[in-house]
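**Student:** need a structure here:
(one chain, ligands or ions: 2)
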Amino acid sequence: MYLDTLKSTGDFLTITRDNEFELAPSQFTLDNGTEVKVIDTGVIQFTPACETQKDFVFSSAVHGNETAPIEICDELIQHIITGKLELKQRVLFIYGNPKSINIGQRFVDENLNRLFNGAHENKTDNPEQVRAANLENYVREFFTSVEAGRYRAHYDLHTAIRGSKNEKFAVYPFLHGKPWKKSQLQFLLSCGVNTVLMMRAAATTFSYFSSKQFDADAFTVELGQVKPFGENNMASFEATKNTLSALISQKEVEYKEFDAKDFELFTVHRTINRTCEAFSFPFPDSAVNFTGFAKGELLATDGDTEIFAEVEGEAIIFPNAKVALGQRALLTVIPMEVNENFV
Ligand SMILES: O=C(O)CCC(=O)N[C@@H](CCC(=O)O)C(=O)O
Ligand SMILES: [Zn+2]
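**Tutor:** Ligands and ions are numbered 1, 2, ... in the order given. Next up is the predicted model:
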(Lines give C-alpha, C1' and ligand atoms only; values in the text may rest on other atoms or scores of the structure.)
(Ligands and ions follow the chains in the order given, each with its own letter.)
Protein backbone atom coordinates (compact mmCIF):
# COMPACT_ATOMS: atom_id res chain seq x y z
CA MET A 1 0.00 0.00 0.00
CA TYR A 2 1.35 3.44 -0.98
CA LEU A 3 -0.06 5.35 2.01
CA ASP A 4 3.01 5.25 4.25
CA THR A 5 5.21 6.60 1.44
CA LEU A 6 2.67 9.29 0.57
CA LYS A 7 2.34 10.40 4.21
CA SER A 8 6.10 10.63 4.72
CA THR A 9 7.21 12.13 1.39
CA GLY A 10 4.13 13.70 -0.20
CA ASP A 11 5.44 12.29 -3.50
CA PHE A 12 2.08 11.62 -5.13
CA LEU A 13 3.62 12.07 -8.59
CA THR A 14 5.83 8.98 -8.29
CA ILE A 15 2.92 6.96 -6.88
CA THR A 16 0.84 8.12 -9.85
CA ARG A 17 3.55 7.24 -12.38
CA ASP A 18 3.90 3.81 -10.75
CA ASN A 19 0.14 3.25 -11.17
CA GLU A 20 -0.59 4.43 -14.72
CA PHE A 21 -4.27 3.52 -14.97
CA GLU A 22 -5.73 2.98 -11.50
CA LEU A 23 -4.97 3.40 -7.82
CA ALA A 24 -6.99 2.19 -4.85
CA PRO A 25 -8.73 5.15 -3.15
CA SER A 26 -7.67 6.02 0.37
CA GLN A 27 -7.73 8.91 2.80
CA PHE A 28 -5.98 10.21 5.88
CA THR A 29 -5.75 13.39 7.92
CA LEU A 30 -2.69 15.60 8.29
CA ASP A 31 -1.53 16.87 11.69
CA ASN A 32 -3.01 20.29 10.80
CA GLY A 33 -6.43 18.70 10.29
CA THR A 34 -6.42 18.77 6.48
CA GLU A 35 -8.22 15.75 5.04
CA VAL A 36 -6.28 14.06 2.20
CA LYS A 37 -8.35 11.91 -0.18
CA VAL A 38 -6.72 9.89 -2.94
CA ILE A 39 -9.55 9.38 -5.44
CA ASP A 40 -7.68 7.61 -8.24
CA THR A 41 -4.27 7.59 -9.84
CA GLY A 42 -3.25 11.19 -10.36
CA VAL A 43 -6.29 12.54 -8.51
CA ILE A 44 -5.86 13.84 -4.95
CA GLN A 45 -8.19 16.12 -2.99
CA PHE A 46 -7.35 18.30 0.02
CA THR A 47 -9.95 19.70 2.42
CA PRO A 48 -8.66 21.88 5.28
CA ALA A 49 -10.32 21.72 8.70
CA CYS A 50 -11.19 25.45 8.62
CA GLU A 51 -14.28 27.02 7.07
CA THR A 52 -13.72 27.37 3.28
CA GLN A 53 -15.49 29.36 0.57
CA LYS A 54 -13.62 28.37 -2.61
CA ASP A 55 -12.99 25.20 -4.61
CA PHE A 56 -9.94 25.00 -6.89
CA VAL A 57 -8.98 22.39 -9.49
CA PHE A 58 -5.35 22.47 -10.61
CA SER A 59 -4.70 20.04 -13.45
CA SER A 60 -1.47 19.22 -15.25
CA ALA A 61 -0.17 16.32 -17.39
CA VAL A 62 -3.30 16.36 -19.51
CA HIS A 63 -0.43 16.12 -22.01
CA GLY A 64 2.29 14.04 -20.42
CA ASN A 65 5.28 15.68 -22.12
CA GLU A 66 4.40 19.09 -20.67
CA THR A 67 6.54 18.69 -17.57
CA ALA A 68 6.89 22.17 -16.01
CA PRO A 69 3.26 22.30 -14.80
CA ILE A 70 3.68 18.77 -13.41
CA GLU A 71 6.73 19.91 -11.43
CA ILE A 72 4.80 22.91 -10.08
CA CYS A 73 1.92 20.72 -8.86
CA ASP A 74 4.32 18.09 -7.53
CA GLU A 75 5.96 20.73 -5.31
CA LEU A 76 2.62 22.13 -4.12
CA ILE A 77 1.32 18.65 -3.22
CA GLN A 78 4.53 17.77 -1.38
CA HIS A 79 4.42 21.04 0.57
CA ILE A 80 0.78 20.43 1.55
CA ILE A 81 1.33 16.85 2.73
CA THR A 82 4.54 17.63 4.60
CA GLY A 83 2.82 20.56 6.34
CA LYS A 84 4.97 23.26 4.72
CA LEU A 85 1.87 24.75 3.06
CA GLU A 86 -1.30 25.04 5.16
CA LEU A 87 -4.52 25.27 3.16
CA LYS A 88 -7.42 27.69 3.58
CA GLN A 89 -9.43 26.42 0.58
CA ARG A 90 -10.42 23.06 -0.95
CA VAL A 91 -8.21 21.93 -3.84
CA LEU A 92 -8.29 19.00 -6.25
CA PHE A 93 -5.03 18.22 -8.05
CA ILE A 94 -5.19 16.15 -11.23
CA TYR A 95 -2.32 14.58 -13.17
CA GLY A 96 -4.36 13.93 -16.28
CA ASN A 97 -2.57 11.22 -18.22
CA PRO A 98 -0.01 9.25 -16.14
CA LYS A 99 1.03 6.84 -18.89
CA SER A 100 1.75 9.73 -21.25
CA ILE A 101 4.05 11.16 -18.55
CA ASN A 102 5.96 7.88 -18.46
CA ILE A 103 6.38 7.69 -22.24
CA GLY A 104 7.17 11.42 -22.44
CA GLN A 105 4.52 11.99 -25.09
CA ARG A 106 1.57 14.34 -25.59
CA PHE A 107 -0.78 11.34 -25.41
CA VAL A 108 -0.79 7.53 -25.75
CA ASP A 109 -3.64 6.70 -28.15
CA GLU A 110 -5.76 9.86 -28.35
CA ASN A 111 -5.43 13.51 -27.29
CA LEU A 112 -7.08 13.59 -23.85
CA ASN A 113 -7.71 17.32 -24.23
CA ARG A 114 -10.13 16.72 -27.10
CA LEU A 115 -12.26 14.23 -25.18
CA PHE A 116 -13.99 16.43 -22.60
CA ASN A 117 -17.44 17.95 -22.43
CA GLY A 118 -18.88 14.65 -23.53
CA ALA A 119 -16.65 14.13 -26.57
CA HIS A 120 -15.55 10.78 -25.08
CA GLU A 121 -19.19 9.65 -25.53
CA ASN A 122 -18.47 7.09 -22.78
CA LYS A 123 -16.48 5.13 -25.36
CA THR A 124 -13.86 2.76 -23.93
CA ASP A 125 -11.80 2.14 -27.06
CA ASN A 126 -8.65 3.42 -25.35
CA PRO A 127 -7.50 4.48 -21.86
CA GLU A 128 -7.78 8.20 -22.69
CA GLN A 129 -11.49 7.87 -23.45
CA VAL A 130 -12.04 6.07 -20.12
CA ARG A 131 -9.89 8.65 -18.28
CA ALA A 132 -11.78 11.62 -19.75
CA ALA A 133 -15.11 10.28 -18.45
CA ASN A 134 -13.58 9.53 -15.04
CA LEU A 135 -11.95 12.97 -14.74
CA GLU A 136 -15.23 14.63 -15.65
CA ASN A 137 -16.90 12.66 -12.83
CA TYR A 138 -14.19 13.55 -10.32
CA VAL A 139 -14.48 17.28 -11.14
CA ARG A 140 -18.29 17.08 -10.99
CA GLU A 141 -18.15 15.39 -7.59
CA PHE A 142 -15.58 17.91 -6.31
CA PHE A 143 -17.66 20.94 -7.29
CA THR A 144 -21.14 19.60 -6.50
CA SER A 145 -20.54 17.65 -3.28
CA VAL A 146 -20.44 20.89 -1.29
CA GLU A 147 -23.01 23.64 -0.78
CA ALA A 148 -24.07 25.54 -3.91
CA GLY A 149 -22.92 29.09 -4.57
CA ARG A 150 -19.25 28.56 -3.63
CA TYR A 151 -16.50 30.07 -5.77
CA ARG A 152 -15.14 27.62 -8.37
CA ALA A 153 -11.99 27.76 -10.51
CA HIS A 154 -10.15 25.26 -12.69
CA TYR A 155 -6.69 26.10 -14.02
CA ASP A 156 -5.47 23.51 -16.53
CA LEU A 157 -1.72 23.97 -16.76
CA HIS A 158 0.09 23.25 -20.03
CA THR A 159 3.18 24.17 -22.00
CA ALA A 160 3.27 24.68 -25.76
CA ILE A 161 5.03 22.60 -28.40
CA ARG A 162 6.56 25.61 -30.13
CA GLY A 163 8.20 28.70 -28.82
CA SER A 164 6.08 31.77 -28.47
CA LYS A 165 6.50 35.52 -28.97
CA ASN A 166 4.52 35.74 -25.73
CA GLU A 167 6.11 33.04 -23.59
CA LYS A 168 3.14 32.59 -21.28
CA PHE A 169 -0.44 32.89 -22.42
CA ALA A 170 -3.88 31.66 -21.48
CA VAL A 171 -6.86 30.38 -23.43
CA TYR A 172 -10.10 31.86 -22.04
CA PRO A 173 -12.86 29.36 -22.83
CA PHE A 174 -15.87 30.67 -24.75
CA LEU A 175 -18.36 32.07 -22.20
CA HIS A 176 -21.44 32.05 -24.46
CA GLY A 177 -21.96 35.77 -24.06
CA LYS A 178 -21.25 35.99 -20.32
CA PRO A 179 -18.76 38.77 -19.55
CA TRP A 180 -15.04 38.16 -19.32
CA LYS A 181 -13.67 38.85 -15.84
CA LYS A 182 -11.00 41.51 -15.17
CA SER A 183 -10.31 39.75 -11.85
CA GLN A 184 -9.25 36.66 -13.77
CA LEU A 185 -6.93 38.74 -15.95
CA GLN A 186 -5.42 40.11 -12.73
CA PHE A 187 -4.92 36.51 -11.48
CA LEU A 188 -3.21 35.60 -14.74
CA LEU A 189 -0.95 38.67 -14.58
CA SER A 190 0.06 37.63 -11.08
CA CYS A 191 1.07 34.27 -12.58
CA GLY A 192 3.25 36.07 -15.12
CA VAL A 193 0.68 35.67 -17.92
CA ASN A 194 -0.24 38.93 -19.68
CA THR A 195 -1.49 37.45 -22.96
CA VAL A 196 -4.97 35.98 -23.27
CA LEU A 197 -6.82 34.40 -26.19
CA MET A 198 -10.58 34.81 -25.98
CA MET A 199 -12.21 31.76 -27.56
CA ARG A 200 -15.38 32.23 -29.60
CA ALA A 201 -16.69 28.67 -29.78
CA ALA A 202 -17.42 25.64 -27.62
CA ALA A 203 -14.57 23.16 -27.20
CA THR A 204 -13.81 19.65 -25.96
CA THR A 205 -10.99 20.77 -23.67
CA PHE A 206 -10.76 20.24 -19.91
CA SER A 207 -10.92 23.95 -19.10
CA TYR A 208 -13.97 24.50 -21.33
CA PHE A 209 -15.70 21.55 -19.60
CA SER A 210 -15.36 23.10 -16.13
CA SER A 211 -16.26 26.56 -17.40
CA LYS A 212 -19.39 25.41 -19.24
CA GLN A 213 -20.65 22.66 -16.93
CA PHE A 214 -19.88 24.21 -13.53
CA ASP A 215 -19.51 27.92 -14.29
CA ALA A 216 -15.97 27.73 -12.95
CA ASP A 217 -13.46 30.44 -13.76
CA ALA A 218 -11.23 28.34 -16.00
CA PHE A 219 -8.30 28.62 -18.37
CA THR A 220 -5.88 26.52 -20.27
CA VAL A 221 -2.67 28.21 -19.13
CA GLU A 222 0.35 27.86 -21.42
CA LEU A 223 3.30 28.41 -19.09
CA GLY A 224 6.17 28.03 -21.53
CA GLN A 225 7.56 25.44 -23.91
CA VAL A 226 7.51 21.64 -23.71
CA LYS A 227 10.72 20.30 -22.09
CA PRO A 228 11.74 16.93 -20.62
CA PHE A 229 11.84 16.60 -16.83
CA GLY A 230 14.94 18.26 -15.41
CA GLU A 231 15.31 20.70 -18.30
CA ASN A 232 12.76 23.26 -17.14
CA ASN A 233 14.08 26.57 -15.82
CA MET A 234 11.82 26.42 -12.76
CA ALA A 235 12.73 30.02 -11.81
CA SER A 236 10.54 31.15 -14.72
CA PHE A 237 7.52 29.50 -13.07
CA GLU A 238 8.01 31.05 -9.61
CA ALA A 239 5.28 33.67 -10.04
CA THR A 240 2.81 31.03 -11.17
CA LYS A 241 3.66 28.69 -8.31
CA ASN A 242 3.47 31.49 -5.75
CA THR A 243 0.10 32.70 -7.04
CA LEU A 244 -1.41 29.20 -7.11
CA SER A 245 -0.04 28.62 -3.62
CA ALA A 246 -1.61 31.88 -2.41
CA LEU A 247 -4.99 30.99 -3.92
CA ILE A 248 -5.26 27.81 -1.83
CA SER A 249 -3.54 28.99 1.36
CA GLN A 250 -5.23 32.37 1.79
CA LYS A 251 -8.81 33.48 2.31
CA GLU A 252 -8.33 36.20 -0.31
CA VAL A 253 -5.51 37.17 -2.70
CA GLU A 254 -4.76 40.85 -3.44
CA TYR A 255 -3.75 41.67 -7.01
CA LYS A 256 -2.24 44.74 -8.72
CA GLU A 257 -4.97 47.21 -9.72
CA PHE A 258 -6.42 46.33 -13.14
CA ASP A 259 -4.87 48.27 -16.02
CA ALA A 260 -5.86 47.25 -19.55
CA LYS A 261 -2.43 48.39 -20.75
CA ASP A 262 -0.87 45.45 -18.87
CA PHE A 263 -2.46 42.94 -21.24
CA GLU A 264 -2.23 41.73 -24.82
CA LEU A 265 -5.62 40.32 -25.71
CA PHE A 266 -6.51 38.39 -28.82
CA THR A 267 -9.72 37.03 -30.16
CA VAL A 268 -9.68 33.76 -32.05
CA HIS A 269 -10.28 34.56 -35.70
CA ARG A 270 -10.70 30.97 -36.87
CA THR A 271 -9.86 27.33 -36.22
CA ILE A 272 -8.30 25.43 -39.13
CA ASN A 273 -8.78 21.69 -38.93
CA ARG A 274 -6.75 19.08 -40.78
CA THR A 275 -9.07 17.24 -43.14
CA CYS A 276 -6.53 15.58 -45.48
CA GLU A 277 -3.54 13.35 -44.95
CA ALA A 278 -1.52 15.85 -47.03
CA PHE A 279 -1.56 18.81 -44.64
CA SER A 280 1.36 21.23 -44.35
CA PHE A 281 2.42 24.70 -43.32
CA PRO A 282 4.60 26.98 -45.47
CA PHE A 283 6.50 28.10 -42.38
CA PRO A 284 9.17 26.12 -40.50
CA ASP A 285 8.79 24.30 -37.17
CA SER A 286 10.81 27.20 -35.72
CA ALA A 287 7.94 29.63 -36.44
CA VAL A 288 6.67 30.65 -33.01
CA ASN A 289 3.17 31.14 -31.65
CA PHE A 290 1.82 34.67 -32.30
CA THR A 291 3.77 35.04 -35.57
CA GLY A 292 1.67 37.46 -37.66
CA PHE A 293 0.95 37.09 -41.38
CA ALA A 294 0.08 39.64 -44.05
CA LYS A 295 -3.39 39.47 -45.53
CA GLY A 296 -3.28 37.05 -48.48
CA GLU A 297 -0.18 35.19 -47.23
CA LEU A 298 -0.38 31.39 -47.34
CA LEU A 299 -1.06 29.89 -43.92
CA ALA A 300 -1.60 26.19 -44.65
CA THR A 301 -2.28 23.64 -47.38
CA ASP A 302 -4.89 20.98 -46.66
CA GLY A 303 -4.95 18.51 -49.55
CA ASP A 304 -5.72 20.66 -52.61
CA THR A 305 -6.99 23.56 -50.51
CA GLU A 306 -4.71 26.51 -49.87
CA ILE A 307 -5.64 28.61 -46.83
CA PHE A 308 -4.62 32.27 -46.79
CA ALA A 309 -4.53 34.91 -44.07
CA GLU A 310 -7.82 36.83 -44.25
CA VAL A 311 -6.82 39.72 -41.99
CA GLU A 312 -3.63 41.83 -41.91
CA GLY A 313 -1.54 40.58 -38.98
CA GLU A 314 -3.55 37.35 -38.49
CA ALA A 315 -1.34 35.41 -36.09
CA ILE A 316 -0.81 31.67 -35.66
CA ILE A 317 -1.32 29.69 -32.45
CA PHE A 318 -0.68 25.96 -31.83
CA PRO A 319 0.31 25.03 -35.41
CA ASN A 320 0.47 21.23 -35.54
CA ALA A 321 0.32 19.45 -38.93
CA LYS A 322 0.43 16.04 -37.24
CA VAL A 323 -2.94 16.19 -35.50
CA ALA A 324 -5.48 13.46 -36.21
CA LEU A 325 -7.72 14.07 -39.20
CA GLY A 326 -10.61 16.34 -38.25
CA GLN A 327 -8.72 17.87 -35.32
CA ARG A 328 -7.43 21.40 -34.90
CA ALA A 329 -4.19 22.00 -36.81
CA LEU A 330 -4.08 25.76 -36.25
CA LEU A 331 -5.78 28.58 -34.41
CA THR A 332 -5.44 32.09 -35.78
CA VAL A 333 -5.93 35.17 -33.66
CA ILE A 334 -6.26 38.92 -34.11
CA PRO A 335 -5.65 41.58 -31.47
CA MET A 336 -8.54 42.92 -29.42
CA GLU A 337 -8.96 45.50 -26.66
CA VAL A 338 -10.66 45.38 -23.28
CA ASN A 339 -14.27 46.38 -24.02
CA GLU A 340 -17.67 46.66 -22.38
CA ASN A 341 -17.85 42.86 -22.22
CA PHE A 342 -15.19 42.86 -19.47
CA VAL A 343 -16.48 43.34 -15.94
O1 LIG B 1 1.47 23.79 -28.54
C2 LIG B 1 0.50 23.17 -29.00
O3 LIG B 1 0.33 22.90 -30.21
C4 LIG B 1 -0.62 22.73 -28.06
C5 LIG B 1 -0.37 23.11 -26.60
C6 LIG B 1 -1.57 22.63 -25.85
O7 LIG B 1 -1.66 21.50 -25.43
N8 LIG B 1 -2.58 23.50 -25.86
C9 LIG B 1 -3.91 23.08 -25.48
C10 LIG B 1 -4.85 24.25 -25.66
C11 LIG B 1 -6.24 23.86 -25.18
C12 LIG B 1 -7.24 24.99 -25.41
O13 LIG B 1 -7.44 25.37 -26.58
O14 LIG B 1 -7.83 25.45 -24.40
C15 LIG B 1 -4.36 21.92 -26.37
O16 LIG B 1 -4.04 21.97 -27.57
O17 LIG B 1 -5.02 21.01 -25.86
ZN1 LIG C 1 -1.02 20.68 -23.57
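**Student:** neighbours around residue 304, how many?
**Tutor:** Neighbour count of residue 304, defined by other C-beta atoms under 10 Å: 7. For every residue, glycine as well, the C-beta is placed using N, CA and C.
**Student:** Next: residue 285.
**Tutor:** 10.
**Student:** Show me the helices in the stretch 51-200 of the chain, by range?
**Tutor:** 67-81, 98-103, 127-144, 182-190 (DSSP state H, counting those that start in this stretch).
**Student:** ranking those by burial, who's on top?
**Tutor:** Mean neighbour count (mean count of other C-beta atoms under 10 Å) peaks for helix 67-81 among these, with a mean of 22.
**Student:** That one vs ligand 2: in contact?
**Tutor:** No: between helix 67-81 and ligand 2, judged by C-beta under 5 Å from the ion, nothing touches; the nearest distance is 8.6 Å.
**Student:** In terms of secondary structure, what does that helix contact?
**Tutor:** Here helix 67-81 touches helix 3-9, helix 12-17, strand 54-60, strand 90-95, strand 151-160, strand 217-225, helix 238-249, going by 3 or more C-beta pairs under 8 Å, 6 or more residues apart in numbering; DSSP states H and E.
**Student:** how about the closest residue to ligand 2 within the stretch 1-150 of the chain, what does it touch?
**Tutor:** At 3.6 Å from ligand 2, residue 63 is the closest residue in the stretch 1-150 of the chain, using C-beta to the ion. Residues near residue 63 by C-beta atoms under 8 Å, 6 or more residues apart in numbering: 96, 97, 100, 106, 107, 111, 112, 113, 158.
**Student:** hmm, back to that, which among the helices of the stretch 51-200 of the chain is found nearest to ligand 1?
**Tutor:** helix 67-81 (10.5 Å; C-beta to the nearest ligand atom).
**Student:** quick one: which of the contacts of residue 63 is nearest ligand 1?
**Tutor:** Nearest to ligand 1 out of the contacts of residue 63 is residue 113 (C-beta to the nearest ligand atom; 3.5 Å).
**Student:** For the closest one, give me its contacts.
**Tutor:** By C-beta under 8 Å, 6+ apart, the residues touching residue 113 are 62, 63, 96, 156, 204, 205, 206, 220.
**Student:** would you list those in JSON lines and tack on distance to ligand 1 and pLDDT?
**Tutor:** JSON lines is the format used below for the contacts of residue 113 (distance: C-beta to the nearest ligand atom, whole Å; pLDDT from 0 to 100):
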{"residue": "62", "distance to ligand 1": "7", "pLDDT": "99"}
{"residue": "63", "distance to ligand 1": "5", "pLDDT": "98"}
{"residue": "96", "distance to ligand 1": "10", "pLDDT": "98"}
{"residue": "156", "distance to ligand 1": "7", "pLDDT": "99"}
{"residue": "204", "distance to ligand 1": "9", "pLDDT": "98"}
{"residue": "205", "distance to ligand 1": "4", "pLDDT": "98"}
{"residue": "206", "distance to ligand 1": "8", "pLDDT": "98"}
{"residue": "220", "distance to ligand 1": "3", "pLDDT": "98"}
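**Student:** neighbours of residue 339, just the number please.
**Tutor:** 10.
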